[in-house]
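Chemist: Got a sequence here, can you model it:
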Amino acid sequence: RWLFNQAVCTLYAFCGVLFGLCSLSSLMVLSTVCCLKVCYPAYGNKFSPCHAAVLLLCVWAYALLFAMAPLAEWGSYGPEPYGTACCITWRASSREATLYILALFIFCYLLPGLLILISYSLILWTVQVSQRAVRQH
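Modeler: Residues are numbered from 1 along each chain as shown. Presented below is the predicted three-dimensional model:
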């Protein structure tokens, strides 16, 4: 069972969600930047450390937005079914909680996953086209 109080449970869950979302969002941004650099060098070569800092801030803001939502009572944090850890309360008991879980699925799982898939697909396609052009040349 969870050994600590609800405040520690909420903090534990908040940190897990925040760092998990930061990780996936960072991978999404990294794949998009790689795609720009490889597939669209005219835009990718203009990428600077300032752009990287802005993107890093955006990643953290995006993750904070969704991680803080349960603290604003849009969704909730609580013990997992086995009670050994805490996370988002997946068994939504209200309409707001269901909407939060749906928003998490769309904006924090589906969207990053699709952008990563599209980015790396474009990179592979560009590499294949380049290989064909080199062979023909």
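
Chemist: Can you mark which positions in stretch 59-76 are buried?
Modeler: 59-60, 62-63, 66-67, 69-70, 75-76 (16 or more other C-beta atoms under 10 Å). Every residue, glycine included, has its C-beta placed from N, CA and C.

Chemist: typed the wrong thing, it's stretch 82-98
Modeler: 86-89, 92, 97.

Chemist: mind checking the end-to-end distance for that stretch?
Modeler: End-to-end distance for stretch 82-98: 21 Å, by C-alpha to C-alpha, to the nearest Å.

Chemist: how far is that stretch from where the chain is centred?
Modeler: 19 Å (C-alpha atoms, centre = their mean, to the nearest Å).

Chemist: And stretch 81-100, by the same measure?
Modeler: Counting by C-alpha atoms, centre = their mean, stretch 81-100 comes out at 19 Å from the chain centroid.

Chemist: what's next to it, contact-wise?
Modeler: Under the criterion C-beta atoms under 8 Å, 6 or more residues apart in numbering, residues 1-2, 9-10, 12-13, 16-17, 69-70, 73-80, 101, 104 lie in contact with stretch 81-100.

Chemist: if we can go back for a sec, in JSON lines: the buried residues of stretch 59-76, plus pLDDT, secondary structure and distance to residue 34.
Modeler: Listed next are those as JSON lines, based on pLDDT from 0 to 100; DSSP: H, G, I helix; E, B strand; the rest coil; distance: C-beta to C-beta, whole Å:
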{"residue": "59", "pLDDT": "97", "secondary structure": "helix", "distance to residue 34": "15"}
{"residue": "60", "pLDDT": "97", "secondary structure": "helix", "distance to residue 34": "20"}
{"residue": "62", "pLDDT": "97", "secondary structure": "helix", "distance to residue 34": "19"}
{"residue": "63", "pLDDT": "97", "secondary structure": "helix", "distance to residue 34": "20"}
{"residue": "66", "pLDDT": "96", "secondary structure": "helix", "distance to residue 34": "24"}
{"residue": "67", "pLDDT": "96", "secondary structure": "helix", "distance to residue 34": "26"}
{"residue": "69", "pLDDT": "95", "secondary structure": "helix", "distance to residue 34": "30"}
{"residue": "70", "pLDDT": "94", "secondary structure": "helix", "distance to residue 34": "32"}
{"residue": "75", "pLDDT": "90", "secondary structure": "coil", "distance to residue 34": "32"}
{"residue": "76", "pLDDT": "90", "secondary structure": "coil", "distance to residue 34": "36"}
